[in-house]
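Peer 1: the sequence isn't on hand, but the structure is:
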């Protein structure tokens, strides 16, 4: 009889133990305060590429990804290739590292590049290699967009939005150093010049080697901007940028399939192997662009905007 009573007591304790622990856990949970985490600038809520109007992204009838400046700075992205890494349907660096251009694909097609809503010059490739530091955001419009932008691939387009002057003083100065003898100095300064004029200047200089043997890259980028406010409803923004690139011993990331993906009797080709003619292959580019953005608001419903740009 004693053993039977002991077994009943043991089973009763085991049955009530979890209930008591659960009651204590519930009481502890009631004492905790709610923790709210938000990122108001990290995730963009607005974008004008899909409709050329200020419509919230949640109401856009077309798929569009907006990469904000805060996201670019937080993840330390330095090129347009890198900025689309977390954008669905878009891929960068399709052909490996390249200091000259940004190789993008949107839904399997090479997108046409736009800057502030104006198509950039198209040569042998669909982009100009403009430095990402001068952009406030990057908008990736996916799907057919010829109705708004004219002839374009069915995959979509990429629109780089330049930094605009602000009526509040602010700025930054950064110095970076890293692998491959890389160093960079960049700065951005904005604020009011007068009661009705705001200005901004963005500049960058970078000098580095790369993962490719003997390949060196130098870049100078300067982008001034001025906004004239003609009252509360009318504004004119003048935009410009200048970029100078100097690459020595240029070689792209195009490596043969034998020795990389497939076997090669001579051995595996190193990732950093320069297959170009060192001392002969050079790439120099000097480009600039200038334009304006004029907006006028008639009332709370109607607003007119006009953007024009020229580049070479």
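Peer 2: Structure's in. What do you need? This one's a predicted model, so the numbers in the text were calculated from it and none came from an experiment.
Peer 1: please make it C-alpha for all contacts and neighbour counts, starting now.
Peer 2: Noted.
Peer 1: in the stretch 51-200 of the chain, where is pLDDT below threshold?
Peer 2: Within the stretch 51-200 of the chain, the segments meeting pLDDT under 70 span 51-54, 96-97, 123-124, 126.
Peer 1: where do the strands of it begin and end?
Peer 2: 55-56, 64-68, 90-92, 104-106, 112-115, 118-119, 135-142, 156-162, 170-178, 182-192, 197-209 (DSSP state E, counting those that start in this stretch).
Peer 1: okay if I get those strands as JSON lines plus mean neighbour count and distance to residue 233?
Peer 2: Shown next, in JSON lines, are these (neighbours: other C-alpha atoms under 10 Å; distance: least, C-alpha to C-alpha, whole Å):
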{"stretch": "strand 55-56", "mean neighbour count": "14", "distance to residue 233": "19"}
{"stretch": "strand 64-68", "mean neighbour count": "23", "distance to residue 233": "26"}
{"stretch": "strand 90-92", "mean neighbour count": "21", "distance to residue 233": "37"}
{"stretch": "strand 104-106", "mean neighbour count": "24", "distance to residue 233": "37"}
{"stretch": "strand 112-115", "mean neighbour count": "22", "distance to residue 233": "24"}
{"stretch": "strand 118-119", "mean neighbour count": "18", "distance to residue 233": "23"}
{"stretch": "strand 135-142", "mean neighbour count": "23", "distance to residue 233": "23"}
{"stretch": "strand 156-162", "mean neighbour count": "25", "distance to residue 233": "21"}
{"stretch": "strand 170-178", "mean neighbour count": "11", "distance to residue 233": "24"}
{"stretch": "strand 182-192", "mean neighbour count": "17", "distance to residue 233": "18"}
{"stretch": "strand 197-209", "mean neighbour count": "20", "distance to residue 233": "14"}
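Peer 1: okay, those strands in JSON lines with distance to residue 150 next?
Peer 2: Shown next, in JSON lines, are the strands of the stretch 51-200 of the chain (distance: least, C-alpha to C-alpha, whole Å):
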{"stretch": "strand 55-56", "distance to residue 150": "21"}
{"stretch": "strand 64-68", "distance to residue 150": "18"}
{"stretch": "strand 90-92", "distance to residue 150": "21"}
{"stretch": "strand 104-106", "distance to residue 150": "17"}
{"stretch": "strand 112-115", "distance to residue 150": "11"}
{"stretch": "strand 118-119", "distance to residue 150": "10"}
{"stretch": "strand 135-142", "distance to residue 150": "14"}
{"stretch": "strand 156-162", "distance to residue 150": "11"}
{"stretch": "strand 170-178", "distance to residue 150": "37"}
{"stretch": "strand 182-192", "distance to residue 150": "34"}
{"stretch": "strand 197-209", "distance to residue 150": "31"}
